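Novice: A predicted structure for the sequence below; I have some questions about it.
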Protein chains: 2
Amino acid sequence: MTEQRPGEQTVGELGEFALIDAIAARLAKSSTETVSVGIGDDSAVVSAKGGNVVACLDMLTQGVHFRLDWSEAKDIGRKAAAQNLADIFAMGATPTALLVGLALPADTPVSWVMGLADGLSEEAALVGVTVVGGDIVRGDSIAISVTALGELGERTAILRSGAKPGNVLALAGRLGFAQAGFLMLSRGFRSPRVLVGAHRVPEPPYELVRLATHATSMIDISDGLVADLGHIAKASGVSINIKTSEFEIPEPLAAAASAFNGNALEWILTGGEDHAFAATFNNALDVPSGWTIIGLVESGESVVTVDGETYSGKGWDHFSSN
Amino acid sequence: MTEQRPGEQTVGELGEFALIDAIAARLAKSSTETVSVGIGDDSAVVSAKGGNVVACLDMLTQGVHFRLDWSEAKDIGRKAAAQNLADIFAMGATPTALLVGLALPADTPVSWVMGLADGLSEEAALVGVTVVGGDIVRGDSIAISVTALGELGERTAILRSGAKPGNVLALAGRLGFAQAGFLMLSRGFRSPRVLVGAHRVPEPPYELVRLATHATSMIDISDGLVADLGHIAKASGVSINIKTSEFEIPEPLAAAASAFNGNALEWILTGGEDHAFAATFNNALDVPSGWTIIGLVESGESVVTVDGETYSGKGWDHFSSN
């Protein structure tokens, strides 16, 4: 652990149960309306109005999803929560709770874990939920597993399979920022702050995604726009054409691309981890305020094209090193 | 990875998406009545009859919860599923689904991951559920995160806090077997099979726990009987007295204790990971068939006693090395 200072208490010294108590004391209190049983029993009991639960699980590992010298513990906690909450919203559901699993080396400073808990709690609080359970174990390196739960009430889940030819494709949120920030950090820079910060803590547009009640399909952009739209194209049996003329290159991306001989449009089309949302709608009138129309759904063979052409850029494969 | 053979395909070679497809193809099909959206969307959608979901998360890490030279991948998968399913049953709930997160080194053989998936799927099938989602990422060592979901229907959750003075304490399932098996393996032995097997794959008594509908409190024994009853004593504000005269020492434990100068009763009282269930009931008539009465709930200061005395044995702390 690069952050350990002499004399600082480690999780091995504190012990598993005291560590759980310390984390639990630090988390935001849950709403009793949503959480009838929180931390402290064999399982949590959380509301699932409508009689179904929406659930997802993401893992983040040290060295792959975060570096301890690039990100504060709190930022890592926020990122871990954000990417899971985004997956709940992408179903048209409302998050209800998080469960968190931590594998930690015994020499991990307790203060680092408290920072992580703060980040998880703060991000969850943005959408009115909290951590209701989890597990802490010893591991050779840090691994964080977050499960998010959500409910639909009387609504129907918005799936990847609902896009139809003639639908419009729309986007909410930033793209390419996290990728550009990652490149800046990779080259030893700590700025520009808006890009580096986007790598550390994504900002899924929680308010905008709640408005997409009439989406015919929706997805959270975690692996890159082209790659993730490929999942909608495949599940829906349609072709999706992205029109780059609809993109304004945000100034920070343009500046970074210029300074580093990069391609801002490529970052937008292939950069992952911003957790924007792409959705299809029957027509432009259904597209909520704050969303941008960026393309069209067409009939065809489950491909994603950019300005009518196949795009050679790649998304993120966790086992490749691109 | 000790198991990799020359020429064997690794997860790094196969890639993340192909690996997920290969796992998904291998898993048991889900019941459409319970699982309306499974693997392949941003989140899963699973039934939660009664309008609440019961949820828990456990992590297992290489070297701490399993060793690749002691356990087959399939056994590790079964263990990971079993310990989470037990936490759902311990709430008086019925499991509905699992989500699984895997952190894997890129050189992990694909065959190992397929074995793990088989184990998860087989254990889940014992209680009629399957894996409905998850995540696979690269990590320095193997970490497995399992979230189990369950539903209560019209029932009320059975909590740790419901034990009352005068209740009887009862047990379903084996204790001490996993601990004894761990000791055998630690000393280089691969037998007796019933003990070593209990370390590799716990056998929570799924059929018996379903019968405990009148329990006033219940817990899954994962850290040791005395340690876990301590959670009930604390949550309920009662004292619990275990009567060792009610225990018959099972023959395999007696034989192993004799051969290794061990203490079978200590294994029973403190051994973790068997995933037996302890529950309290208003009276002996409420105790289901197949459960054994092993003690009594008394008024007092949240302590667990053994034959009326404080017990010095310890349970399992994941950061300690006892």
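Specialist: Thanks, I have the structure now. Numbering: from 1, shown residues only, chains lettered A, B, ... in the order given.

Novice: and chain A, split by domain according to the record?
Specialist: For chain A, automatic domain parsing gives the domain ranges A:11-151, A:160-310.

Novice: quick one: end-to-end length of the shortest one, please.
Specialist: Start and end residues of domain A:11-151 are separated by 34 Å (Cα to Cα, to the nearest Å).

Novice: equivalent analysis for stretch A:198-206, please.
Specialist: Taking Cα to Cα, stretch A:198-206 runs 15 Å from one end to the other.

Novice: show me the strands in the stretch 1-150 of chain A, by range?
Specialist: Under the criterion DSSP state E, counting those that start in this stretch, strands of the stretch 1-150 of chain A are mapped to A:35-37, A:44-47, A:52-61, A:94-104, A:131-138, A:143-151.

Novice: is it possible to export these to a markdown table including mean neighbour count, distance to B:F277 and mean pLDDT?
Specialist: All C-beta spots, glycine's among them, are computed from the backbone N, C-alpha and C. Shown next, in a markdown table, are the strands of the stretch 1-150 of chain A (neighbours: other Cβ atoms under 10 Å in any protein chain shown; distance: least, Cβ to Cβ, whole Å; pLDDT from 0 to 100):
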| stretch | mean neighbour count | distance to B:F277 | mean pLDDT |
| --- | --- | --- | --- |
| strand A:35-37 | 21 | 17 | 95 |
| strand A:44-47 | 26 | 18 | 97 |
| strand A:52-61 | 28 | 24 | 97 |
| strand A:94-104 | 28 | 21 | 97 |
| strand A:131-138 | 24 | 19 | 95 |
| strand A:143-151 | 30 | 23 | 98 |
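
Novice: let me have these in a markdown table, adding distance to chain B as columns.
Specialist: Formatted as a markdown table, the strands of the stretch 1-150 of chain A follow (distance: least, Cβ to the nearest Cβ, whole Å):
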| stretch | distance to chain B |
| --- | --- |
| strand A:35-37 | 6 |
| strand A:44-47 | 5 |
| strand A:52-61 | 4 |
| strand A:94-104 | 4 |
| strand A:131-138 | 5 |
| strand A:143-151 | 3 |
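
Novice: list the contacts of A:I293.
Specialist: In this structure, A:I293 makes contact with A:V168, A:L169, A:A170, A:E246, A:A284, A:V287, judged by Cβ atoms under 8 Å, 6 or more residues apart in numbering or on different chains.

Novice: of these, select the buried ones using a ChimeraX command.
Specialist: Those of the contacts of A:I293 that count as buried under 16 or more other Cβ atoms under 10 Å in any protein chain shown are selected in ChimeraX with:
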select /A:168,169,170,287
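
Novice: can you list which of the contacts of A:I293 are found in strands?
Specialist: Counting by DSSP state E, the part of those found in strands is A:V168, A:L169, A:A170.

Novice: list just the nearest of those residues to A:G119.
Specialist: Closest approach between those and A:G119, by Cβ to Cβ: A:A170, at 30.0 Å.

Novice: any idea how far the closest one is from chain B?
Specialist: Separation of A:A170 from chain B (Cβ to the nearest Cβ, to the nearest Å) stands at 17 Å.

Novice: mind checking pLDDT for that residue?
Specialist: If you check A:A170, the pLDDT there is 98.

Novice: ok, now A:L68?
Specialist: With respect to pLDDT, A:L68 scores 86.

Novice: how much space separates it from chain B?
Specialist: Distance from A:L68 to chain B, by Cβ to the nearest Cβ: 13 Å.

Novice: what are the boundaries of the strands in the stretch 201-322 of chain A?
Specialist: Using DSSP E, counting those that start in this stretch, strands in the stretch 201-322 of chain A cover A:215-221, A:239-242, A:276-281, A:292-298, A:304-306, A:309-310.

Novice: worst average pLDDT in these?
Specialist: For those, mean pLDDT drops lowest on strand A:309-310, to a mean of 90.

Novice: relative to that strand, what are the paired strands and their orientations?
Specialist: As defined by DSSP bridges, the strand partners of strand A:309-310 come to strand A:304-306 (antiparallel).

Novice: what does the strand it pairs with rub up against?
Specialist: By Cβ under 8 Å, 6+ apart, strand A:304-306 touches A:V226, A:L229, A:G230, A:A233, A:S239, A:I240, A:N241, A:I242, A:T244, A:L269, A:Y311.

Novice: what's the closest non-adjacent residue to the last one?
Specialist: With Cβ to Cβ, 6 or more residues apart in numbering or on different chains as the criterion, A:Y311 has its nearest non-adjacent residue at 5.3 Å, and that residue is A:V226.

Novice: deepest of the domains of chain A, which one?
Specialist: Most buried of the domains of chain A, by mean neighbour count (mean count of other Cβ atoms under 10 Å in any protein chain shown): domain A:11-151, with a mean of 23.

Novice: just the C-alpha atoms of stretch A:44-58, please, in CSV.
Specialist: What follows is stretch A:44-58 as a C-alpha-only set of coordinates in CSV (Å, rounded to 0.1, in the frame of the first residue of the first chain):
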residue,chain,number,x,y,z
ALA,A,44,-30.6,-7.1,4.0
VAL,A,45,-34.3,-6.7,3.2
VAL,A,46,-35.0,-3.9,0.8
SER,A,47,-38.2,-2.7,-0.9
ALA,A,48,-38.9,-3.9,-4.4
LYS,A,49,-42.2,-2.2,-5.3
GLY,A,50,-44.0,-3.8,-8.1
GLY,A,51,-42.8,-7.3,-7.0
ASN,A,52,-39.5,-7.4,-9.0
VAL,A,53,-36.0,-6.4,-8.1
VAL,A,54,-33.5,-4.9,-10.6
ALA,A,55,-30.0,-6.0,-9.7
CYS,A,56,-26.4,-5.7,-11.1
LEU,A,57,-22.9,-6.3,-9.9
ASP,A,58,-19.6,-4.7,-10.9
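
Novice: coming back round to it: could I get the strands of the stretch 201-322 of chain A as TSV with distance to B:I293?
Specialist: Output for these, formatted as TSV (distance: least, Cβ to Cβ, whole Å):
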stretch	distance to B:I293
strand A:215-221	51
strand A:239-242	64
strand A:276-281	56
strand A:292-298	64
strand A:304-306	64
strand A:309-310	70
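
Novice: tell me which of the ones you listed lies nearest to B:R160.
Specialist: Comparing these by Cβ to Cβ, strand A:215-221 comes nearest, at 35.8 Å.

Novice: output the contacting helices and strands for that closest one.
Specialist: helix A:73-89, helix A:225-236, strand A:276-281 (3 or more Cβ pairs under 8 Å, 6 or more residues apart in numbering or on different chains; DSSP states H and E).

Novice: redo those as TSV? Include distance to A:D42.
Specialist: Converted to TSV, these look like this (distance: least, Cβ to Cβ, whole Å):
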stretch	distance to A:D42
helix A:73-89	22
helix A:225-236	35
strand A:276-281	35
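
Novice: looking at the ones you listed, which is nearest to A:Y206?
Specialist: In terms of Cβ to Cβ, the element of the helices and strands packed on strand A:215-221 nearest to A:Y206 is helix A:73-89, at 6.6 Å.

Novice: specify the angle between the closest one and strand A:52-61 in degrees.
Specialist: Calculated by axes from the mean of the first three to the mean of the last three Cα atoms, to 10 degrees, helix A:73-89 forms an angle of 150 degrees with strand A:52-61.

Novice: quick check: angle from helix A:73-89 to strand B:131-138?
Specialist: Using the same axes, to 10 degrees: helix A:73-89 against strand B:131-138 is 140 degrees.
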